[in-house]
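S.K.: My questions are about this predicted structure, shown below with the sequence.
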Amino acid sequence: MKKVTKKNAAPSLQFNTNWQYDPSPESTDHVVIDKQYDLFINGKFVKPTKGKYFDTINPARETVIAKVAEAGREDVDKAVSAARNAYDKVWSKMPAAERGKYIYRIARIIQERARELSIIESMDGGKPIRESRDIDVPLAAAHFFYYAGWADKLDFAFPGKKAAPLGVAGQIIPWNFPLLMAAWKIAPALAAGNTVVLKPAETTPLTALKLAEIIRDADLPPGVVNIITGAGETGAAIVNHPGINKIAFTGSTDVGKIIQKSLAGTSKKYTLELGGKAANIIFEDAAIDQAVEGIINGIFFNQGHVCCAGSRLFVQEGVAKTVIKKLKDRIETLIVGDPLDKNTDIGAINSRAQLNKIKSLVKIGVNEGGTMHQSSCSLPAKGFWFKPTLFTDVAQSSRIVQEEVFGPVLAIQTFRTVEEVIEKANNTPYGLSGGVWTDKGSKVFKVSSKLRAGVIWANTYNKFDPTSPFGGYKESGLGREGGLHGLYAYMK
Ligand code: NAP
Ligand code: MG
């Protein structure tokens, strides 16, 4: 046997902070994306009346993926008429068990086409494939499965009440979870017996259009679901259409307020799922490493493009130094880059407009005296990117603490007592979600019962399930989606 000397010894396995994973991109060759998409009205793809189209781009490459139809008033009119006709003649008359079968069929086709849908979601919106593959698409299927199960049990869902649908639902969704938001909206509406006109966001229309293909392939009767693309005006035309019975909106608080004003005085029912500025609270007795992972997941998940993102961190003084050090170390290891790479933690910012908004709020944060710390990672030359960013030395009044950044930016503050943190955490116009990290169950119950927010996670964050209701307090919205609450919102 050869003698090991200093000269021929294997190099020692020193920890090298510069090591990288080899690229592991998801292949796209099996994905079919047409050059141009029309409006899905009455079971068919039809051209927009005015013949206008807009581009949807890949935010990681700034390349055009496809042209998408812009629906005008006339097209909204056609979609609402198709939905009304389908409601009156087919869907409201169909035995509920039959309706359920169609919804199951949609769920199963989503599962069959999961890989394709996740890739398109990541291409069109910029989110890491790991998230679209493991979260968005499976949860979208799960919502259809869950509500399919309720379709023929409505009279048991709300004992003592006779369940009846509302009619035609107009649904408007944002760009951060395009397919999942479409599922949140369409599945309960159909299960309750309504028909639908849905508009996806301008920057992420593709998976909704793929869902239109799935709905067509599931042989859903024409007009039961209509999917029309366009910008804000198309959304407004849906909101103001007299043939609509219910509006379900998810998006910004600003647009939510406009919608609420235009619906005031009408008989239309509505639910609004709006912005958030969630507090994640770490107590000294928490499992710190677990909490740090939860904080990272809470704010950097989907580039911080999450209404319930844990964008404010409150850490108890005794562990503040440790937690901040660990967060700084951890963001150094986050991989920012190609959304289609399976190793990517943080993908592309959804649009140039959103990137500019993040940049401007971060600049204000620095000007207001905040101390900024960013990962030293390099960013791709093309596309829209933002480094994971931490802010310390911020005041309750800082705009970075008060306003929704909707990007990978965490504002960190400290506290001493339970009472203090409850007051600080509630000091926001929003109230969508929050997180509590502690070893004490009693503290979880005390804090979560005093936080004015719709969803509180304890020792975890960003966990979703179709059976669980979701929605906001204060300016984060009205009404609930998900679970039985979500079903109830689609019934008389
Ligand atoms: P947004 O600008 O409010 O847009 C949401 C949707 O409304 C889009 O489809 C948009 O079309 C459309 N729209 C714009 N102006 C309209 C008008 N006047 N009337 C009717 N519809 C109109 O929000 P976003 O920037 O897409 O999404 C980010 C926001 O959504 C954040 O504030 C986030 O917190 C919130 N969000 C909330 C939840 C929740 O469950 N609470 C979930 C996800 C996101 P265009 O795309 O063409 O502008
Ligand atoms: Mg796009």
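M.R.: Done, it's in. Numbers count the residues shown, from 1 in each chain. Ligands and ions are numbered 1, 2, ... in the order given.

S.K.: and the spatially most central residue of the chain, what is it in contact with?
M.R.: Nearest to the geometric centre of the chain sits Phe177, at 3.5 Å (C-alpha atoms, centre = their mean). Neighbouring residues of Phe177 by C-beta atoms under 8 Å, 6 or more residues apart in numbering: Asp136, Asn302. To be clear about C-beta, it is placed using only N, CA and C from the backbone, and glycine gets the same treatment.

S.K.: For it, grab phi and psi.
M.R.: phi -140, psi 70 (degrees, to the nearest 10).

S.K.: what's the spacing between it and ligand 1?
M.R.: 6 Å (C-beta to the nearest ligand atom, to the nearest Å).

S.K.: per-residue confidence for that residue?
M.R.: Per-residue confidence (pLDDT) for Phe177: 98.

S.K.: can you give me the strands for the stretch 101-250 of the chain?
M.R.: 168-172, 195-199, 225-227, 246-250 (DSSP state E, counting those that start in this stretch).

S.K.: Same question for the third one: list its buried residues.
M.R.: Put plainly, it is strand 225-227. For strand 225-227, burial by neighbour count (16 or more other C-beta atoms under 10 Å) applies to Val225, Asn226, Ile227.

S.K.: Turn these into TSV, including distance to Asp155 and pLDDT.
M.R.: Output for those, formatted as TSV (distance: C-beta to C-beta, whole Å; pLDDT from 0 to 100):
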residue	distance to Asp155	pLDDT
Val225	24	99
Asn226	28	99
Ile227	30	99
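
S.K.: and which of those residues is nearest Ile119?
M.R.: Of all these, Ile227 has the smallest distance to Ile119: 19.6 Å, by C-beta to C-beta.

S.K.: So in terms of bridging, what pairs with the closest one?
M.R.: In this entry, Ile227 is beta-bridged to Phe40, Leu198, by DSSP bridges.

S.K.: thinking it is in contact with Ala208, fair?
M.R.: Yes: with contact defined as C-beta atoms under 8 Å, Ile227 counts as touching Ala208 (5.4 Å).

S.K.: Touching both of these two, which residues are there?
M.R.: Ala182, Leu198, Pro200.

S.K.: Compare those residues and tell me which has the most neighbours.
M.R.: Pro200 (29 neighbours; other C-beta atoms under 10 Å).

S.K.: State the distance from it to Glu131.
M.R.: The gap separating Pro200 from Glu131 is 18 Å, by C-beta to C-beta, to the nearest Å.

S.K.: again, but for Pro466
M.R.: 17 Å.

S.K.: Check Thr204 too.
M.R.: With C-beta to C-beta as the criterion, Thr204 and Glu131 are 14 Å apart.

S.K.: Who has more neighbours out of the two?
M.R.: Ranked by neighbour count (other C-beta under 10 Å), Thr204 and Glu131 place Thr204 first, with 27 against 21.

S.K.: Report the closest residue of the stretch 51-200 of the chain relative to ligand 1.
M.R.: Pro174 (3.2 Å; C-beta to the nearest ligand atom).

S.K.: Cross-check the contact I'm expecting between that residue and Gly251.
M.R.: Yes: with contact defined as C-beta under 8 Å, Pro174 and Gly251 form a contacting pair (4.6 Å).

S.K.: what residues are shared contacts of those two?
M.R.: With C-beta under 8 Å, 6+ apart as the test, Pro174 and Gly251 both reach Ala201.

S.K.: check contacts around the residue lying closest to Ala287 once chain neighbours are set aside.
M.R.: Residue nearest to Ala287 in three dimensions, not counting chain neighbours: Asp439, with 7.0 Å by C-beta to C-beta, 6 or more residues apart in numbering. Asp439 sits next to Phe283, Asp285, Ala286, Ala287 when contact means C-beta under 8 Å, 6+ apart.

S.K.: now the helices for the stretch 101-250 of the chain?
M.R.: 114-125, 129-131, 137-150, 154-157, 178-191, 206-217, 232-240 (DSSP state H, counting those that start in this stretch).

S.K.: what sits up against the last one?
M.R.: The list of residues contacting helix 232-240 from outside it, by C-beta under 8 Å, 6+ apart, reads 70-73, 75-76, 80, 170, 172, 197, 199, 202, 228, 244, 247, 249, 255, 258-259, 262-263.

S.K.: That helix vs ligand 1: in contact?
M.R.: Yes: for helix 232-240, a contact with ligand 1 is found by C-beta under 6 Å from any ligand atom, at Gly232, Gly235, Ala236, Val239.

S.K.: buried set for that helix?
M.R.: Those would be Thr234, Gly235, Ala236, Ala237, Ile238, Val239, Asn240, for helix 232-240 by 16+ other C-beta under 10 Å.

S.K.: Closest one of those to ligand 1?
M.R.: Taking C-beta to the nearest ligand atom as the measure, Gly235 is the one of the buried residues of helix 232-240 closest to ligand 1, at 2.3 Å.

S.K.: What confidence value was assigned to the closest one?
M.R.: 98.

S.K.: same check, this time on the one 4 residues further on
M.R.: At Val239 the predicted local distance difference test score is 98.

S.K.: now it: how far from Tyr488?
M.R.: Applying C-beta to C-beta, the value for Val239 to Tyr488 is 21 Å.

S.K.: Can you tell me how far Val46 is from ligand 2?
M.R.: Distance, Val46 to ligand 2, by C-beta to the ion, to the nearest Å: 22 Å.

S.K.: whoops, Leu451 was the one
M.R.: The value you get for Leu451 to ligand 2, if C-beta to the ion is used, is 35 Å.

S.K.: Around the residue nearest to Lys185 when sequence neighbours are not counted, how many other residues sit close by?
M.R.: Spatial nearest neighbour of Lys185, excluding adjacent residues (C-beta to C-beta, 6+ apart): Gln171 at 4.2 Å. Other residues lying near Gln171 total 27 when counted by other C-beta under 10 Å.

S.K.: Bridged to Gln171, which residues?
M.R.: Bridge pairing for Gln171 - DSSP bridges - gives Leu198, Ala248.

S.K.: Right, I'll leave it there.
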